[in-house]
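In: Predicted model and sequence below, questions to follow.
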Amino acid sequence: MQITLYTPQFKDQWDQCVRESHSGCFLHERDFMEYHAHRFEDHSLMFFDNDTLVACFPAHIIDNNLKSHRGLTYGGFFASAKANLFSDFLQELIDYSKNQGFDRLDLKLPPQYYNPNFNAEWSVLKNNSFETSQESVDLVVDLTQEWQPSPKKTIGYRNGKFEKLKLIKDVHLKDFWSDLLEPQLMARHQARPVHSIEEIELLQKLFPDQILQYGVEVDDMLVAGITLFDFGNILKVQYAAANKQGFEHNAMDFLYLEIIKEAKEQKKEFVDLGTVNHPDGSVNEGLKRFKQQLGATTTSVFELTLSL
């Protein structure tokens, strides 16, 4: 097996390998990765068996550590569905990293339900002395099981409170960013979205069927919104925000419930509501409870490290 450093001439092969993999999605295609290429020193790797690309490994370098991948929801190996060689890929990667003189190898794993081979790959990683460096709590609605949101969330359907709310699809990203998302993040956390409005608009142009924007209106005014990443069998909530009027009308409850109902109708298997950890790693219990009342259950998301 041969490891080759990614260069743009391999873009089409890289993207095809990601699309054929078990757990890759549009996040790992080069058009998505390269919108923020200026933020990372890219060191993505390709694994060839003879002349056939069998696996991709999105990665970058920070402080002489090889990481997969801080700029993406998750990283790791994305192998052709025909290539069941995880232990071989991992050993090749470890040997390569040592030969390159890296100090550490860091892996940001997907939630377990993203990867059908998670348990087997986890065992291989642990057998190769990878240690857990971070564990986050993710909330997911499993639509392969009976979905049971709390009556506290669905009461708006019964008491008429939701009747004033109108679900809007294809909301302009700029309206959501400027009117709801940026003001809420700044007021609550003194923070900005990971993506600027220019970046998310560019990404939606590149991936119009995968980056979706929904909203809720009251009297023709946008009061809540949600940005979704569609991974096929998984729908991921990327951003959600509301204004004062939206919270008064329980618009976020309505919006989440409608999104999950639509995902169920579309035969999706999971709705990923995201992690609930504060920056210091502690759990935001209020946010966790809110998502559990929507019918979500908890799962762990791991970052692993190997000292070389």
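Out: Yep, that arrived. Numbers count the residues shown, from 1 in each chain.
In: Leaving out sequence neighbours, find the closest residue to the spatially most central residue of the chain.
Out: The centroid of the chain falls nearest to residue 73 when counting by Cα atoms, centre = their mean (4.0 Å). In space, and not counting its chain neighbours, residue 73 is closest to residue 27: 5.9 Å by Cβ to Cβ, 6 or more residues apart in numbering. C-beta: built from backbone N, CA, C; applies to glycine.
In: how close does the one you found sit to residue 236?
Out: 9 Å (Cβ to Cβ, to the nearest Å).
In: shared neighbours of those two, which are they?
Out: 73, 229 (Cβ atoms under 8 Å, 6 or more residues apart in numbering).
In: Do me a favour and average the pLDDT over stretch 112-132.
Out: Computed over stretch 112-132, the mean pLDDT rounds to 95.
In: swap in stretch 271-284?
Out: The model assigns stretch 271-284 a mean pLDDT of 94.
In: Now the helix or strand harbouring residue 158: buried residues?
Out: Using DSSP states H and E, the element containing residue 158 is helix 151-159. Within helix 151-159, the residues scored as buried using 16 or more other Cβ atoms under 10 Å are 153-154, 156.
In: do you know how far the residue nearest to residue 73 is from residue 87?
Out: Distance from residue 27 to residue 87, counting by Cβ to Cβ: 25 Å.
In: out of the two, which sits in the more crowded spot?
Out: Comparing residue 27 with residue 87 by other Cβ atoms under 10 Å, the one with more neighbours is residue 27, at 21 against 15.
In: coming back round to it: for the helix holding residue 158, C-alpha coordinates in PDB please.
Out: The C-alpha coordinates for helix 151-159 follow below in PDB (Å, rounded to 0.1, in the frame of the first residue of the first chain):
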ATOM      1  CA  PRO A 151     -46.100  16.200  25.500                       C
ATOM      2  CA  LYS A 152     -44.500  19.400  26.900                       C
ATOM      3  CA  LYS A 153     -43.100  20.000  23.400                       C
ATOM      4  CA  THR A 154     -46.200  18.900  21.400                       C
ATOM      5  CA  ILE A 155     -48.800  20.800  23.500                       C
ATOM      6  CA  GLY A 156     -48.800  23.700  21.000                       C
ATOM      7  CA  TYR A 157     -50.500  21.400  18.500                       C
ATOM      8  CA  ARG A 158     -53.300  20.700  21.000                       C
ATOM      9  CA  ASN A 159     -53.800  24.100  22.500                       C
END
